[in-house]
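Peer 1: Predicted structure and sequence below. I'll ask about it afterward.
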Amino acid sequence: MLESVLGAINLGTIVLDHARRVVVWNRWMSQYSDLPAESVVGQDFFVLFPELGGKRIDGAVRQALRDNFPSVLSQTLHKAPFALFVNAAAREAGERMQQAVAVTPLDVPGLERHCLIQITDVSVAVHRERLLREQALELRSQTFSDGLTGIANRRHFDVAMEKEMRRAKRSGTPLSLLMIDIDFFKPYNDHYGHQQGDDTLIKVAHALAAMLQRPADLIARYGGEEFAVILPEMTAEHSQVLAEKMRERIAALAIPHAKTELTGYVTVSIGLATHALENSGDIAALLGEADRALYMAKGAGRNRVVRFSSP
Ligand SMILES: Nc1nc2c(ncn2[C@@H]2O[C@H](COP(=O)(O)OP(=O)(O)OP(=O)(O)O)[C@@H](O)[C@H]2O)c(=O)[nH]1
């Protein structure tokens, strides 16, 4: 009965005696290792499988036999200690079965202590776990990026802004913010249609994003056709130079705009504000200042950069 059970059980079962010789090697082990019981029983386990010598399993067997101490091998550290393959194709490709291994001391009446090694196939669980992890990463990136343009979304902007404002205050470095808005975008949409409006938003977003070179610089889609750029450790003067280049770059894209009152091409207006040590304030104040500068750029004729200065 016990032999039948051992043969049918869906688990690798190995028993070693006190001298680490194989006593039991069940059918599951033969099937996935391609080694029949006859070829292994009676032999020193670690001579049969020299690659396991000195590894965690070696220590676990030693602990079980000598100290009567059971172990479960960490699945993350020891994914596939045994050369077991789910099928011939996997063997061919060298892809080992993912394994969970437990080593348990076994007291056999009248004999010295033995140890039992149990191996479970966890390939399916590991695969599922990997999928879940990938999905989690994907979801995370979706919650932080704008679905249309692929740049950071408003939530990402808010998180980055908090972080950069804290950093600026701590280190006493300046923090600049640009607010960029496409000019006459409503008439653009009305004339060319929403789909082409979307395409233009994407082009503008990508052209602006390509101009940022430092890792901490961040461009986000702040609203419908409005972008915000966080520029840590950048003075008002430098930010103004960059903003001017951005404005020129969008004009140079030469995206036709039949309904603009300006150049005949898509243009942007940019408001700029900087907080430095002396006026380092809160996020709402910085946003308000950049917004006010953008409003002034619009009022002054659009297609221009305006730097906030206190009245
Ligand atoms: N295609 C498209 N249009 C959008 C999107 N989000 C906002 N808009 C449009 O952007 C336009 C914004 O227009 P307004 O803010 O009124 O201003 P404007 O026409 O750009 O004029 P000024 O900003 O004063 O130069 C509106 O027509 C919105 O429908 C979007 O995701 N896709």
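Peer 2: Looks like it came in fine. If you're wondering where the values come from, they're calculated on a predicted model, not measured in any experiment.
Peer 1: which of the residues in stretch 45-60 are buried?
Peer 2: 45-46, 49, 52, 56-58, 60 (16 or more other Cβ atoms under 10 Å). Any C-beta I mention is one placed from the backbone N, CA and C, and that applies to glycine too.
Peer 1: how deep is the nearest residue to Gly301 once chain neighbours are set aside tucked in, by neighbour count?
Peer 2: Counting by Cβ to Cβ, 6 or more residues apart in numbering, Gly301 lies nearest to Leu262, which is 8.0 Å off, once chain neighbours are set aside. When counting by other Cβ atoms under 10 Å, one arrives at 14 neighbours for Leu262.
Peer 1: How about the backbone phi and psi for Leu262?
Peer 2: For Leu262, the backbone dihedrals (degrees, to the nearest 10) come out as phi -110, psi -110.
Peer 1: follow-up on the earlier one: okay, the buried residues of stretch 45-60 in a markdown table with distance to the ligand and secondary structure next?
Peer 2: Formatted as a markdown table, the buried residues of stretch 45-60 follow (distance: Cβ to the nearest ligand atom, whole Å; DSSP: H, G, I helix; E, B strand; the rest coil):
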| residue | distance to the ligand | secondary structure |
| --- | --- | --- |
| Phe45 | 65 | helix |
| Phe46 | 65 | helix |
| Phe49 | 61 | coil |
| Leu52 | 59 | helix |
| Arg56 | 55 | helix |
| Ile57 | 58 | helix |
| Asp58 | 61 | helix |
| Ala60 | 59 | helix |
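Peer 1: in which helix or strand would I find whichever residue of the stretch 1-150 of the chain sits closest to the ligand?
Peer 2: As assessed by Cβ to the nearest ligand atom, the ligand sits closest to Leu148 within the stretch 1-150 of the chain, at 5.7 Å. For Leu148, there is no helix or strand it lies in under DSSP states H and E.
Peer 1: all strands of the stretch 151-300 of the chain, in order?
Peer 2: For the stretch 151-300 of the chain, applying DSSP state E, counting those that start in this stretch gives strands covering 175-182, 218-221, 226-232, 268-275.
Peer 1: for the stretch 1-150 of the chain, that is, sorry about that
Peer 2: Under DSSP E, counting those that start in this stretch, the stretch 1-150 of the chain gives strands at 12-16, 22-25, 71-72, 99-106, 114-121.
Peer 1: who does the shortest one pair up with?
Peer 2: Think strand 71-72. On the basis of DSSP bridges, the sheet neighbours of strand 71-72 come out as strand 99-106 (antiparallel).
Peer 1: How about the strand it pairs with, which residues are buried there?
Peer 2: For strand 99-106, a neighbour-count test (16+ other Cβ under 10 Å) marks 99-101, 103-106 as buried.
Peer 1: Same list, those residues, but as CSV with pLDDT and distance to Lys186 please.
Peer 2: Output for the buried residues of strand 99-106, formatted as CSV (pLDDT from 0 to 100; distance: Cβ to Cβ, whole Å):
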residue, pLDDT, distance to Lys186
Gln99, 92, 62
Ala100, 92, 61
Val101, 94, 65
Val103, 96, 71
Thr104, 97, 73
Pro105, 97, 78
Leu106, 95, 79
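Peer 1: any chance of the strands of the stretch 1-150 of the chain in TSV, plus distance to Ala168?
Peer 2: TSV is the format used below for those (distance: least, Cβ to Cβ, whole Å):
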stretch	distance to Ala168
strand 12-16	58
strand 22-25	66
strand 71-72	49
strand 99-106	49
strand 114-121	53
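Peer 1: could I get those as CSV with distance to the ligand?
Peer 2: Conversion of the strands of the stretch 1-150 of the chain to CSV gives the following (distance: least, Cβ to the nearest ligand atom, whole Å):
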stretch, distance to the ligand
strand 12-16, 57
strand 22-25, 65
strand 71-72, 53
strand 99-106, 49
strand 114-121, 49
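Peer 1: can you list the residues of the stretch 51-200 of the chain near the ligand?
Peer 2: Residues of the stretch 51-200 of the chain lying near the ligand by Cβ under 6 Å from any ligand atom: 148, 181-187, 189, 194, 197-198.
Peer 1: hang on, isn't the residue nearest to Gly301 packed against Ser269?
Peer 2: No: using Cβ atoms under 8 Å as the test, Leu262 is too far from Ser269 to be in contact (10.1 Å).
Peer 1: anything in contact with each of the two?
Peer 2: Counting by Cβ atoms under 8 Å, 6 or more residues apart in numbering, the contacts common to Leu262 and Ser269 are 183, 302-303.
Peer 1: Let me see the contact set for Asp211.
Peer 2: Quick fix: residue 211 reads Met, not Asp. 242, 245-246, 249.
Peer 1: mind giving me TSV with those and columns for pLDDT?
Peer 2: Converted to TSV, the contacts of Met211 look like this (pLDDT from 0 to 100):
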residue	pLDDT
Leu242	98
Lys245	98
Met246	98
Arg249	98
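Peer 1: and the residue of the stretch 51-200 of the chain found nearest the ligand, what pLDDT?
Peer 2: Relative to the ligand, the nearest point of the stretch 51-200 of the chain is Gly197 (2.5 Å; Cβ to the nearest ligand atom). pLDDT recorded at Gly197 is 97.
Peer 1: Alright, I will stop here.
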